[in-house]
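In: Sequence and predicted structure, then a few things I'm wondering about:
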Amino acid sequence: MKTSQNIPQLYKQFLSGRCTPEELQELFRYFGTTDEEVLRNLITQAPDDENDYQSISTERAEKLGHLYQNIKARTQVSKTYKWKYAVTIAATLFIISTFVIYFLKRSNNKTAQQAQVLTEDVRPGKQAATLTLASGKKIFLSDAINGKIAEESGVRITKDKNGLITYEITGNQSEPNGTNTLSTSRGETYQVILPDKSKVWLNATSSISYSTSLRERDGERRVMLSGEAYFAVAKDKSRPFIVRTANQEVRVLGTHFNVNSYADKNSTVTTLEEGSVMVNPLNKKINPTILKPGQQSLFNGSSLSIETANMEAALGWKNGLFVFDQASVPEVMQQISRWYNIDVEYKGVIPEDKIGGDISRQSDLSAVLRMLELVNIRYKIINTSSGNDLKIVINP
């Protein structure tokens, strides 16, 4: 196996199309036995002379694109893989895909000035949330000790060693059935098991509200959602499970699906992984629709459409990845802002570039921002007026 000193040259050979199949396998073996920091160093050592890039033809870039798709198909991350190895595979595919985009989009303009380097990197988000009980008491879950953290309305709430919150009906429900709210801020994510054994993954800047026992008088299980969450609903044919957002309801009996209802998005996006769901707009002029696995609905308040979903992109956040599929710069920056708790500002015209690729959500901010450099988008990191926070400025 080649040493780390030889890997950068081998990487350049791959980019120029001179990498043999054996050398390609050697690259993947190398990435599978090292850490992410070495991978980042490798990225920075890629050729930065524009003439080096001009030597790669469009035809070769397209072949690299096909190669990326083939590699991705052969290296789908299995649940049995160790996390570290899964991260390195995702990061490797991200490098290939983003460089292919760069080649296909390159122009005769000179490479943009390199973005400002962070003296202290920004760490990714973490598992944290705030639980507001029916009494109004707030529990900061990252600080709460393991074990029972509350008991109300005949329901015991516990936190396990992995941070997972579980609701358990104790049988004594003589007290009124109040409402609980689980909420995350920027840079936070959390998981909860509801009283009916349904599991919910909550993305950053999101919240869900539900009755303590999840038992409504009409027999339905109701959850109010703001932001984004993934639901693995426990089957109960006698008690429909309903997720309500600002403009729609999703009605299920038992299934797995994702709802993205961030206020800064033009549409509420519902993506079905398995089972069946009915998407029912609150606008009664729009007829409800039923989704099949692999489909997603987009509802903008006045029209409802269905399309085939990119499941990797839709569920990437739940699986610990940023997955971009021809995403616009604002779409990418919205995710970065929410996860790294950092503001974004645009100067002048917003770039129209499309970005694709995968990278771990456990990466530091500098590694994720490299995708902007690779598609020739200028940015810099500045201090906010308060001096205590950072801001990303696009096209400074």
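Out: Arrived safely, thanks for sending. Numbers count the residues shown, from 1 in each chain.

In: Number of residues surrounding residue 394?
Out: Residue 394 is flanked by 20 other residues according to other Cβ atoms under 10 Å. The way it works is simple: take the backbone N, C-alpha and C, and place the C-beta from them, glycine included.

In: and what of residue 389?
Out: 12.

In: tell me the contacts of it?
Out: Counting by Cβ atoms under 8 Å, 6 or more residues apart in numbering, residue 389 touches 342, 343, 383.

In: in stretch 162-178, what counts as buried?
Out: Within stretch 162-178, the residues scored as buried using 16 or more other Cβ atoms under 10 Å are 163, 165, 166, 167, 169, 177.

In: now, which of these lie within strands?
Out: Those of the buried residues of stretch 162-178 mapping onto strands are 165, 166, 167, 169, per DSSP state E.

In: Could you single out the nearest of those to residue 369?
Out: Residue 369 has its nearest neighbour among those in residue 165, at 32.7 Å by Cβ to Cβ.

In: So for that closest one, what's the nearest residue that isn't a sequence neighbour?
Out: In space, and not counting its chain neighbours, residue 165 is closest to residue 192: 4.5 Å by Cβ to Cβ, 6 or more residues apart in numbering.

In: Please apply the same query to residue 230.
Out: Residue 230's closest residue in space is residue 201 (Cβ to Cβ, 6+ apart), at 4.2 Å.

In: Check that neighbour and give its pLDDT.
Out: According to the prediction, residue 201 has pLDDT 98.

In: ok, it - contacts?
Out: 189, 190, 191, 229, 230, 318.

In: re the thing from before, sort the contacts of residue 389 by pLDDT and name the bottom one.
Out: Lowest pLDDT among those: residue 383, 84.

In: Spatially, what comes nearest to that one if we skip its sequence neighbours?
Out: Nearest-residue entry for residue 383: residue 390, 6.4 Å, with adjacent residues in sequence omitted and distances by Cβ to Cβ, 6+ apart.

In: And residue 316, by the same measure?
Out: residue 323 (3.3 Å).

In: The one you found and residue 311 touch, don't they?
Out: No. Checked against Cβ atoms under 8 Å, the pair residue 323 and residue 311 is beyond contact range at 9.4 Å.

In: Only C-alpha atoms, please: export stretch 159-178 in PDB.
Out: The C-alpha trace of stretch 159-178 is given here as PDB (Å, rounded to 0.1, in the frame of the first residue of the first chain):
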ATOM      1  CA  LYS A 159     -33.900   9.100  29.500                       C
ATOM      2  CA  ASP A 160     -31.600   6.200  28.700                       C
ATOM      3  CA  LYS A 161     -27.800   6.100  28.500                       C
ATOM      4  CA  ASN A 162     -27.900   7.000  24.800                       C
ATOM      5  CA  GLY A 163     -30.000  10.100  25.400                       C
ATOM      6  CA  LEU A 164     -33.200   8.600  24.000                       C
ATOM      7  CA  ILE A 165     -36.400   9.800  25.700                       C
ATOM      8  CA  THR A 166     -39.200   7.200  26.300                       C
ATOM      9  CA  TYR A 167     -42.800   7.700  27.400                       C
ATOM     10  CA  GLU A 168     -44.400   4.800  29.300                       C
ATOM     11  CA  ILE A 169     -48.000   4.700  30.400                       C
ATOM     12  CA  THR A 170     -48.100   3.600  34.100                       C
ATOM     13  CA  GLY A 171     -51.800   2.800  34.200                       C
ATOM     14  CA  ASN A 172     -52.800   5.600  36.500                       C
ATOM     15  CA  GLN A 173     -54.300   8.300  34.300                       C
ATOM     16  CA  SER A 174     -56.700  10.000  36.700                       C
ATOM     17  CA  GLU A 175     -54.900  13.400  36.000                       C
ATOM     18  CA  PRO A 176     -55.900  15.600  33.000                       C
ATOM     19  CA  ASN A 177     -54.000  14.700  29.800                       C
ATOM     20  CA  GLY A 178     -51.700  17.700  29.200                       C
END
